[in-house]
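Novice: Provided below for reference: sequence and predicted model.
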Amino acid sequence: MASEWAEEADWQAKAITRDLIEVGKTKGFRVTYQKREAQFALRAGTINAYFSARDYQTKNGMDWLKLRIDILTNVRYGTQPQ
């Protein structure tokens with residue numbers, strides 16, 4: 001189960017990276033899932049922002065849409081995650 005969740009998290013991170021490319025953020029923008037820390041890392045050149053997977057866990061499972069929106073908002077406005 002945990003392995004399946006980690007695979008899904010990795011797939012979602014790659015999908016978010018593809019979303020960034022689609023909106024024109026092609027140079028140095030990347031999202032990865034860090035399994036050990038249970039967090040997603042947004043890398044924008046030399047700047048990193050982290051999004052804890054626990055913050056997006058709901059009783060119905062992971063809220064992937066909210067995570068994606070928060071990352072894209074962070075890229076757009078350059079703010080740090082809450």
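Specialist: That came through, no problem.

Novice: every contact and neighbour count from this point should use C-alpha atoms.
Specialist: Will do.

Novice: so where do the helices sit in the chain?
Specialist: Taking DSSP state H to define them, one finds helices in the chain at 2-22, 64-77.

Novice: buried residues in the longest one?
Specialist: Within helix 2-22, the residues scored as buried using 16 or more other CA atoms under 10 Å are 9-10, 12-14, 16-18, 20.

Novice: now those as TSV including pLDDT and distance to residue 46?
Specialist: Formatted as TSV, these follow (pLDDT from 0 to 100; distance: CA to CA, whole Å):
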residue	pLDDT	distance to residue 46
9	91	23
10	91	21
12	92	22
13	94	18
14	93	19
16	91	19
17	91	16
18	91	19
20	88	17
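
Novice: one step back: out of the helices of the chain, nearest to residue 55?
Specialist: Among these, helix 64-77 comes nearest to residue 55, with 8.9 Å by CA to CA.

Novice: how about that closest one as PDB, C-alpha atoms only?
Specialist: Output of helix 64-77 as PDB, limited to C-alpha atoms (Å, rounded to 0.1, in the frame of the first residue of the first chain):
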ATOM      1  CA  TRP A  64      -4.000  16.000  -5.300                       C
ATOM      2  CA  LEU A  65      -5.900  19.000  -6.800                       C
ATOM      3  CA  LYS A  66      -5.200  21.200  -3.800                       C
ATOM      4  CA  LEU A  67      -1.500  20.300  -3.900                       C
ATOM      5  CA  ARG A  68      -1.300  21.100  -7.600                       C
ATOM      6  CA  ILE A  69      -3.100  24.400  -7.200                       C
ATOM      7  CA  ASP A  70      -0.800  25.400  -4.300                       C
ATOM      8  CA  ILE A  71       2.400  24.500  -6.300                       C
ATOM      9  CA  LEU A  72       1.200  26.400  -9.400                       C
ATOM     10  CA  THR A  73       0.200  29.400  -7.300                       C
ATOM     11  CA  ASN A  74       3.600  29.400  -5.600                       C
ATOM     12  CA  VAL A  75       5.200  29.500  -9.100                       C
ATOM     13  CA  ARG A  76       3.000  32.200 -10.300                       C
ATOM     14  CA  TYR A  77       3.400  34.600  -7.300                       C
END
